[in-house]
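*Asks:* Dropping a prediction and its sequence here:
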Amino acid sequence: MAEKKHRLVSVPLLSVICSMLYVYCSTVFIFLDEWLGIGTASGILNAIIFSWLAFMTFFSFFVAVLTDPGSVPPFFAPAVEDARHDSGDAVYCEKCCSYKPPRTHHCRVCKRCVLKMDHHCIWINTCVGYKNYKSFVIFALHASLGSCYAMVIFVSNLMQKEHDFGIVSAKLFYALSGLVILSASLSSTSLFCWHVYLLAHNMTTIEYRGAQKDRWLANRSGQKYRHPFDLGFFQNLILIFGPNMLKWFCPTAVGHLGDGTQFPISND
Ligand SMILES: [Zn+2]
Ligand SMILES: [Zn+2]
């Protein structure tokens, strides 16, 4: 637990929390209030929907930060004696002096092997791996929806309300808010779209980079590259989000995850 609390002490992570709080408070208590008024029916409705998106963004963010991305179980040994896994990864980590399950990679920042490692994320101050990938994608989805919603409220406020931009502080506040909301919308939406692409192919960011040569060779010989773990879009979603669709958007519903050492491979 102490190690988990340490994860919260990081400048990039705290800057994400501050940006999220800034966007939430300025959107609800200034832009929405000035535009519709939070006492009106339409103002309350917008505030409830936006608050729900903000709550889900915060909640899934903290679940992603505080969930261990996945360690190699002690005494793990590969089932086959091949020198490499089907995905082409080495089966032995020289730094940890232990065997690695398929899709596991050594993180130089965390200084350990991480199951189904996607990437080390400085914004959550830990790796995105097998156990926290679901919460990370749910975070990206809600951050994207929430920041785009904030953008709509901000622009509506700008267009429908008379502003006195002769006051320098008001001009600066609107410029800063517009910049923060625009950057949040662009970065979270592009992050979410990227992970939808990876999810569609059951690929990690590391595997995407590693497969570039295979993809190029397949294209050159007129064939379509198929990732070995790609079981088809819907099946890939079930592997990440679980078989019960009612729990797809719950970041803590991860009972469907196994020990992260075995992954089904496509027969195609
Ligand atoms: Zn290692
Ligand atoms: Zn890491």
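*Replies:* It's in. Remember, it's a predicted structure, so these values are computed and weren't measured experimentally. Numbers count the residues shown, from 1 in each chain. Ligands and ions are numbered 1, 2, ... in the order given.

*Asks:* Run through this protein and note the low-pLDDT ranges.
*Replies:* Of all residues in the chain, those with pLDDT under 70 make up the ranges 1-3, 80-90, 268.

*Asks:* redo that, cut-off 50
*Replies:* When the per-residue scores of the chain are filtered using pLDDT under 50, no range remains.

*Asks:* Get me the contact residues on it for ligand 1.
*Replies:* 93, 95, 96, 106, 113 (Cβ under 5 Å from the ion). C-beta coordinates here come from the backbone N, C-alpha and C atoms, glycine included.

*Asks:* Mark which of these are part of strands, please.
*Replies:* Of the positions in these, 93, 106, 113 sit in strands, assigned by DSSP state E.

*Asks:* right, and residue 171 touches residue 177 too?
*Replies:* No: shown here, residue 171 and residue 177 do not form a contact pair, counting by Cβ atoms under 8 Å, at 11.0 Å.

*Asks:* Next one: the residue of the chain most remote from its centre from residue 30, what distance?
*Replies:* The outermost residue of the chain relative to its centre, with distances by Cα atoms, centre = their mean, is residue 166 at 40.5 Å. From residue 166 over to residue 30 the distance is 18 Å, taken as Cβ to Cβ, to the nearest Å.

*Asks:* same deal with residue 212?
*Replies:* In this structure, residue 212 and residue 30 are 46 Å apart, going by Cβ to Cβ.

*Asks:* and these two? which has more neighbours close in?
*Replies:* Remark: of residue 212 and residue 30, residue 30 carries more neighbours, 16 against 10, as counted by other Cβ atoms under 10 Å.

*Asks:* one step back: and the residues of the chain next to ligand 1, which is closest to ligand 2?
*Replies:* Taking Cβ to the ion as the measure, residue 106 is the one of the residues of the chain next to ligand 1 closest to ligand 2, at 9.1 Å.

*Asks:* Give the buried residues for stretch 170-186.
*Replies:* 174, 177, 180, 181, 184, 185 (16 or more other Cβ atoms under 10 Å).

*Asks:* What is the distance between it and the centre of its chain?
*Replies:* Using Cα atoms, centre = their mean, to the nearest Å, we find the averaged C-alpha position of stretch 170-186 to lie 23 Å away from the chain's own average C-alpha position.

*Asks:* Pull the residues that contact that stretch.
*Replies:* Judged by Cβ atoms under 8 Å, 6 or more residues apart in numbering, the contacts made with stretch 170-186 from elsewhere in the structure are 19-20, 22-23, 26-27, 31, 143-144, 147-148, 150-151, 154, 158, 163-165.

*Asks:* In PyMOL, how would I select the buried members of the residues you listed?
*Replies:* To isolate in PyMOL the members of the contacts of stretch 170-186 that are buried, counting by 16+ other Cβ under 10 Å, one can use:
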select buried, resi 20+23+26+27+31+143+144+147+148+150+151+154
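
*Asks:* Mark which of the contacts of stretch 170-186 are part of helices, please.
*Replies:* Those of the contacts of stretch 170-186 mapping onto helices are 19-20, 22-23, 26, 143-144, 147-148, 150-151, 154, 158, per DSSP state H.

*Asks:* Would you format these as a markdown table with distance to ligand 2 included?
*Replies:* Rendered in a markdown table, the data for the ones in helices among the contacts of stretch 170-186 read as follows (distance: Cβ to the ion, whole Å):
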| residue | distance to ligand 2 |
| --- | --- |
| 19 | 22 |
| 20 | 22 |
| 22 | 27 |
| 23 | 27 |
| 26 | 33 |
| 143 | 21 |
| 144 | 23 |
| 147 | 26 |
| 148 | 29 |
| 150 | 30 |
| 151 | 32 |
| 154 | 35 |
| 158 | 41 |
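
*Asks:* could you redo these as JSON lines and give each row distance to residue 12?
*Replies:* As requested, the ones in helices among the contacts of stretch 170-186 are arranged in JSON lines below (distance: Cβ to Cβ, whole Å):
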{"residue": "19", "distance to residue 12": "11"}
{"residue": "20", "distance to residue 12": "13"}
{"residue": "22", "distance to residue 12": "15"}
{"residue": "23", "distance to residue 12": "17"}
{"residue": "26", "distance to residue 12": "21"}
{"residue": "143", "distance to residue 12": "15"}
{"residue": "144", "distance to residue 12": "19"}
{"residue": "147", "distance to residue 12": "17"}
{"residue": "148", "distance to residue 12": "22"}
{"residue": "150", "distance to residue 12": "21"}
{"residue": "151", "distance to residue 12": "23"}
{"residue": "154", "distance to residue 12": "24"}
{"residue": "158", "distance to residue 12": "30"}
